[in-house]
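[1] whatever this is, show me its structure:
(chains A, B, C, D, E and F)
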Number of protein chains: 6
Amino acid sequence: MSSTAAYSKYQYFLTSSPAPYVAHVQINRPTKLNAFKEAMWLELRSLFQQLSSDPDVRAVVLSGAGDKAFTAGLDVTEASQNGLLTPESNLDGARKAAKLRRHIQEFQECISAVEKCEKPVIAVMHGISIGLAIDIACCADVRLCAADTRFAVKEVDIGLAADIGTLARLPKVVGSFSWVKDIALSARDFSSEEALRVGFVSAVHESKDKAVEAAVKMAAFIGGKSPVAVQGTKEVLNHSRDHAVEDNLRYVGVWNAAALQTKDVQAALLSVMQKRKPTFEKL
Amino acid sequence: MSSTAAYSKYQYFLTSSPAPYVAHVQINRPTKLNAFKEAMWLELRSLFQQLSSDPDVRAVVLSGAGDKAFTAGLDVTEASQNGLLTPESNLDGARKAAKLRRHIQEFQECISAVEKCEKPVIAVMHGISIGLAIDIACCADVRLCAADTRFAVKEVDIGLAADIGTLARLPKVVGSFSWVKDIALSARDFSSEEALRVGFVSAVHESKDKAVEAAVKMAAFIGGKSPVAVQGTKEVLNHSRDHAVEDNLRYVGVWNAAALQTKDVQAALLSVMQKRKPTFEKL
Amino acid sequence: MSSTAAYSKYQYFLTSSPAPYVAHVQINRPTKLNAFKEAMWLELRSLFQQLSSDPDVRAVVLSGAGDKAFTAGLDVTEASQNGLLTPESNLDGARKAAKLRRHIQEFQECISAVEKCEKPVIAVMHGISIGLAIDIACCADVRLCAADTRFAVKEVDIGLAADIGTLARLPKVVGSFSWVKDIALSARDFSSEEALRVGFVSAVHESKDKAVEAAVKMAAFIGGKSPVAVQGTKEVLNHSRDHAVEDNLRYVGVWNAAALQTKDVQAALLSVMQKRKPTFEKL
Amino acid sequence: MSSTAAYSKYQYFLTSSPAPYVAHVQINRPTKLNAFKEAMWLELRSLFQQLSSDPDVRAVVLSGAGDKAFTAGLDVTEASQNGLLTPESNLDGARKAAKLRRHIQEFQECISAVEKCEKPVIAVMHGISIGLAIDIACCADVRLCAADTRFAVKEVDIGLAADIGTLARLPKVVGSFSWVKDIALSARDFSSEEALRVGFVSAVHESKDKAVEAAVKMAAFIGGKSPVAVQGTKEVLNHSRDHAVEDNLRYVGVWNAAALQTKDVQAALLSVMQKRKPTFEKL
Amino acid sequence: MSSTAAYSKYQYFLTSSPAPYVAHVQINRPTKLNAFKEAMWLELRSLFQQLSSDPDVRAVVLSGAGDKAFTAGLDVTEASQNGLLTPESNLDGARKAAKLRRHIQEFQECISAVEKCEKPVIAVMHGISIGLAIDIACCADVRLCAADTRFAVKEVDIGLAADIGTLARLPKVVGSFSWVKDIALSARDFSSEEALRVGFVSAVHESKDKAVEAAVKMAAFIGGKSPVAVQGTKEVLNHSRDHAVEDNLRYVGVWNAAALQTKDVQAALLSVMQKRKPTFEKL
Amino acid sequence: MSSTAAYSKYQYFLTSSPAPYVAHVQINRPTKLNAFKEAMWLELRSLFQQLSSDPDVRAVVLSGAGDKAFTAGLDVTEASQNGLLTPESNLDGARKAAKLRRHIQEFQECISAVEKCEKPVIAVMHGISIGLAIDIACCADVRLCAADTRFAVKEVDIGLAADIGTLARLPKVVGSFSWVKDIALSARDFSSEEALRVGFVSAVHESKDKAVEAAVKMAAFIGGKSPVAVQGTKEVLNHSRDHAVEDNLRYVGVWNAAALQTKDVQAALLSVMQKRKPTFEKL
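    Here you go, the predicted model:
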């Protein structure tokens, strides 16, 4: 990471560098179960935009501060006050809708910054991980979790259809549409074991600490590889999720026409022959 | 349900209300393994359109009458007689095709009525559940089954590519395309255990009765929640299945700009604080 | 198969007919772990185009010759020499890109010939199955493997984003996007057990021989069914993967308007009644 | 037309048969400038569904009864009373939205029946042709008009974004997006001359009578051709409007695989050689 | 406009309010033919984001300052210096590409802000209007021009494919793909008359002053209408350009379910009856 | 052109080089009005693939040999004999369809080779230009014509829906869908004047010779520009036709990340300053 100091300006996020080229971001409002208020999602956007273009970062780990929660989701109290859940009553229905729509779109864009970050993001879920926790996690590339994680797509329990990304992305993140409907329509809790079985997380670890440790190790492993190859793979896979195969082949062909002009291929091939770890220029 | 009487007009479907806001629909032709003839799919469409706009219904359970079958699929004898499988021979190939295409499209629309129903539909599969059973189940939101269920995408065994929805929806319902190809190209049976493993069903219960019981319980649970939230979630998830993430975010933003103007949010938040069950107005 | 002789012209592929209507293709460069050079992928295209239109073939099994590998992927040495990995240095960046893009597109088209083959293709993976092995396997309809298979999406380890189809197809082949990102970003090995769990393969067999045996049996089973039904099912499922449900229903309706005009339906229904194996005309 | 009597049941539409295989439909509420109330669009759907499957109809002409108007659009007075423009005030915003959305969707489906009619529809616009007139005309295949036609996309003048099809279809009907925005954002009138210049209509005739005459002549001309060819052309062109070229080629290939099995080709070729008018079987 | 002062902070854009609810923006670097450097497109984004959410603005007119040019496009000298056209030479091809791609994307986003502005934008083209002028104009809703305008898609003349939006949008803005290819492949000039004939502009005026006057009049006319209706129409038309008709109908149905809950409909209907100009609340 | 000799192998096409970097291809079967038989479309594919990768060709002009016709379309006599219009009668409907579909697809691919040619193609239409003439012309980038050209989408007159590309591409080539439906449903002739008005051709010239002269001049003009810029523009515009604006911006951003690494930009800028004609390296 260019320097930890560059990330000290954020009030609600702690950023450290536990390994070369790895940034560890912690949602940092543990006294409120890391619940999000508006200032936090605005910060989240800035933070991930900064990580995206920081040449000293090649992989990001995202977890919650404290033992209790990755995040308990939206801070409902604050949301009721700032108008997200309670638009001004003197407006007509159309004007309320316009106001709400702008608010939702900005909120969505802030969370999408995690997906748009050019570097792989590994989310470590633990403790309470409900509501917005799922929206955010769906934007990460890989999801790990602690055994005690309590997951839920909680929105219907407060009278809402989840709209900050869960409903848009979850059907493309896991394989069973039956399961997605089940947990989204009922808002019921699901366990780490169930999350693993359906493919929502890639692995379960016995505790939050072990999960973070595994995530940092994975991030460091990825951080040791060609950033041209890794970041291209992330971009192309995200494109693939949303397009037909023919379009994907066309896109990756154009992408690699430039990407293959990297010195990293020679560096990688040489290091294989010389049985040593390659080094790659910054990106 | 507005009244059971309102649903007594259907000859091939039994409808009851085992819990508040829950409708239980049974395919009712048990002497023929609930096999479908044309009159039945026409009725199925009317029935689900009625359920869709009945404000007293918030969730639907769909099972087969009798112990032997959810449904054995198309009534092949009747289909041979009414021209679906045997178009008039004095027409040329193009005119036969036009006739068949119109017939298929109407058939598809009837089955799609299950998917278009605004209320969540929980299918309970049991016994023989082949051919059209899979087409119908793919339109449900959640699939449960009894342990003894015998599933098969049976069409290739009678010389057909399944065309009433299975091939269109199944690749989006489960995660493994390899498995979809396997069972669709071979028409082989698969078990409840296999159905669970690949995510085609969300849970297996030891008997049909237990599965129906679980489905009614799930339906009642969902029926107790905000219908604005639940029906919005269903609609948006179905949109997500078929669109790219950017489109989904835009759509849900517009959807929720109206949906957030519900009193259900306040009702839900208040009931959480007061630790009591909320009630919601009809929709 | 029309005759084994018709397939003897290929230098790098062995083709035999272990059962009626079944072709078994082996990648045949075992001394180099079946690694691919350009001549091989050009041959692969010709071979699968021939299989696609051979009326005596109704299902194809694809494996690697020898015990060590399905394929170790791209022959990196050859690729370095022929310019795929090392474009001429006297060209400017745009001209290098044009050259690389054309090269990639032809390479993609050759591998896509496996997907475009109108007959079902069952890939049997075994031993080393890395890099291009995954690209090819993603084009097959069903994937089986031996217990000892060592899989990896290996490209990032040589500084590349995989571009011959893995990134385009894998997110649509398995259910967990988290898992796809995990193995594609890290290039780590995964086992047959993991491949089964995520749905990449449909079954694991104890050895290569057992897996090939199972694949041939499955191919023969499929080969005994109506080719109109089987080939229509393959085509329609591939269409479904890439289109929304409404489009899929429209497409299959038009497809079946012609396909239902087959004598195979009568042949199949009659054979069911007469409890004998139906025979179907060539296609 | 099978018989004029079969169409006498509609209260708001007059249907006659001015030429073989041609149906002429007139919107018939001239005392109210042919303005639409709900019963009318419900009838419009039934009528065009009937025309779509009537083998004696091969082309349809649609005009307004009387000299003053094709249609002045929505009957605003009735719409205010039946709740389309004024939802019940005791509902919350979300429930009002649900009610309005269902209402709009049914309205859209009724108008779309003109587009879904399998036979070509030629709209003849004349006099006042505003608001809903444009929605309906966009569903026709060909648009002709009288010189005195007064066109307008009128909705913004009553506080609405047009939602019954104009905004969805008009950008695909004419070439200049600048012009579409101009007339839709300003609700200004445009003339027949302007309509011709931008391609909204194919021809301008000096009077309504001349325009109807030309339309009937065109319909009769089309009605004399192979219905397999004509109806296939309509269907495929509508598909092309909404899909990419690759998809269109695939679709038309499958379509014609059945359509080419018609005797009409031989009939047409023979009649060319024999210099006589061919006759084609019903469809 | 909330106040002209609020827009005085922009260095390269002059903003005035020539009529109620109308903002007139002038590209203001006349000594350099209004050629764009990086600081200008960054300002353009901020400015149009501000206009988009300013409740006192309901329509925007965009022209160039001075008599000579709307804009001569990219300031090539500056672009050569800041790296857009000349990436650092010590990077490998892939890293140069990454750098360029990020740069292009930001540039695209800045120009797209004109399209994303929720209020209609009327571009007035005059004098030299080449290169970037076309990219910007394609983002406007309506295009007017002076008779002396000299248009060109100029990029191929400096060795570039236009990438800031012209190639993406122009085929959807005008009707003739032949013409688009002609002017984009040859970079030849085209006249105001030709621009009108192909539908690129909606009208030609004899001078820049007359064109601005007409644009302000159109903007004031639109500004007098319901902002709910006008802004909804813009949003829905932009959606229509990029989606199939079925999707568009679904989207507008959801949009209007909220938009119809406006008081503007009653205000508009009442004012029609009372023959006076309606007033609408801010949005 | 690398050498005229390299193109002398084609039996049905004459290729010459009337200007530097320009190839002029003539359909050469004038005694039969340049009607196409199967051998011709197979040659057309080979020829345009060769032109596509010939670095000495930068633009292509396509016309018909002789004075009478660009092409009269399909050679119906030959098509009746080779099975395209008359499939073997002993096959069932599904098998006939499979055979026809494969035949159509190959035919489509041959014609699409004109579109896929990386170099701009200018079609010069003259005399009889019906049926397949329109399919081919829709694949060209720019269309010019002689005043005497007689155009028609002729297929419905022989009982067919046009399926070799006209229906797929024409709605995207011209602006008025009403006009496309008119001429495709009626198969009526249209004139050069009408073709110009709707934007099907870019210009009309008084004679075939003048039109060819203008086309060669345009080709030479384009041939003098950067091939990186020109070929990128063609590719990106074809992508734009078939994708939404957001997708197009993403694609062109990736494309230009490589394309901007060309020396052609410097060459072009320098030549502007030095007021001389730039030269560009081959591509």
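[2] which SS class is the closest residue to chain F within chain A?
    Closest residue of chain A to chain F, C-beta to the nearest C-beta: A:A258 (3.8 Å). All C-beta atoms are positioned from the backbone trio N, CA, C, and that covers glycine. Put simply, A:A258 is helix when judged by DSSP: H, G, I helix; E, B strand; the rest coil.
[3] do the one 4 residues further on as well
    Under three-state DSSP, the three-state class of A:T262 is coil.
[4] which ones are touching the closest residue to it other than its chain neighbours?
    Of all residues not flanking A:T262 in the chain, E:A94 sits nearest, at 3.5 Å (C-beta to C-beta, 6 or more residues apart in numbering or on different chains). Contacts for E:A94 (C-beta atoms under 8 Å, 6 or more residues apart in numbering or on different chains) come out as A:228, A:258-262, A:264, A:283.
[5] list just the nearest of those to A:M125.
    A:L283 (28.5 Å; C-beta to C-beta).
[6] count the neighbours of the closest one for me.
    21 (other C-beta atoms under 10 Å in any protein chain shown).
[7] buried ones in the helix or strand of chain A with the lowest mean pLDDT?
    For chain A, using mean pLDDT, DSSP states H and E, the weakest element among its helices and strands is helix A:76-82, scoring a mean of 83. For helix A:76-82, burial by neighbour count (16 or more other C-beta atoms under 10 Å in any protein chain shown) applies to A:76, A:78-79.
[8] which SSE is the residue of the stretch 51-200 of chain A found nearest chain B in?
    Using C-beta to the nearest C-beta, the single residue of the stretch 51-200 of chain A nearest to chain B is A:G175, 1.8 Å away. In the assignment (DSSP states H and E), A:G175 maps to no helix and no strand.
[9] before we move on, what about A:L44?
    Per DSSP H and E: helix A:38-52 holds A:L44.
[10] for that helix, which outside residues touch it?
    A:6-7, A:10-13, A:15, A:23, A:25, A:27, A:29, A:57, A:60, A:78, A:82, A:84, A:107, A:109-111, A:113-114, A:116-119, A:121.
[11] thinking again about what came up before, how about CSV for the contacts of E:A94, with pLDDT added?
    Listed next are the contacts of E:A94 as CSV, based on pLDDT from 0 to 100:
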residue, pLDDT
A:V228, 96
A:A258, 92
A:A259, 93
A:L260, 92
A:Q261, 92
A:T262, 92
A:D264, 93
A:L283, 89
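[12] so A:D141 is in contact with A:I122, correct?
    Yes: judged on C-beta atoms under 8 Å, A:D141 makes contact with A:I122 at a distance of 6.8 Å.
[13] between these two, which is the more surrounded one?
    Remark: of A:D141 and A:I122, A:I122 carries more neighbours, 30 against 27, as counted by other C-beta under 10 Å.
[14] what's the local residue count around A:A203?
    A:A203 - counted by other C-beta under 10 Å - has 17 other residues nearby.
[15] revised request: answer the last question for A:N28.
    As a burial measure, A:N28 scores 18 neighbours (other C-beta under 10 Å).
[16] and A:A39, by the same measure?
    12.
[17] try A:R58
    A:R58: 28 surrounding residues under other C-beta under 10 Å.
[18] now it: phi and psi?
    For A:R58, the backbone dihedrals are phi -120, psi -10 (criterion: degrees, to the nearest 10).
[19] mind checking pLDDT for it?
    Among the per-residue scores, A:R58 shows a pLDDT of 98.
[20] tell me the spacing between A:A220 and B:V252.
    Distance, A:A220 to B:V252, by C-beta to C-beta, to the nearest Å: 36 Å.
[21] when the two are compared, which one has more neighbours?
    B:V252 (29 against 17).
[22] and what about the nearest residue to the more buried one once chain neighbours are set aside, helix, strand or coil?
    Once flanking residues are discounted, B:V252 sits nearest to A:D163: 4.5 Å by C-beta to C-beta, 6+ apart. Using three-state DSSP, the structure places A:D163 in coil.
[23] quick one, what contacts A:D163?
    Applying C-beta under 8 Å, 6+ apart, the residues near A:D163 are A:104, A:108, A:155, B:236, B:252-253, B:255-256.
[24] rerun at 7 Å
    A:104, B:252-253, B:256 (C-beta atoms under 7 Å, 6 or more residues apart in numbering or on different chains).
[25] and the residues you listed, which two are furthest apart?
    Largest pairwise distance in those, by C-beta to C-beta, is 7.9 Å, between A:I104 and B:V252.
[26] do me a favour and average the pLDDT over the next helix or strand after the least confident helix or strand of chain A.
    Counting by DSSP H and E, the next helix or strand C-terminal to helix A:76-82 is helix A:93-116. In this model, helix A:93-116 has a mean pLDDT of 96.
[27] tell me which element the closest residue in space to A:P55 that isn't next to it in sequence is part of?
    Leaving aside its sequence neighbours, A:P55 sits nearest to A:K282 (C-beta to C-beta, 6+ apart; 3.9 Å). A:K282 belongs to no helix or strand when assigned by DSSP H and E.
[28] any idea how far A:K282 is from A:R58?
    Distance from A:K282 to A:R58, by C-beta to C-beta: 9 Å.
[29] hmm, A:V142 and A:V201 touching each other?
    No: in this structure, A:V201 is not within contact of A:V142 by C-beta atoms under 7 Å, at 8.5 Å.
[30] shared neighbours of those two, anything?
    The contact sets of A:V201 and A:V142 overlap at C:S178 (C-beta under 7 Å, 6+ apart).
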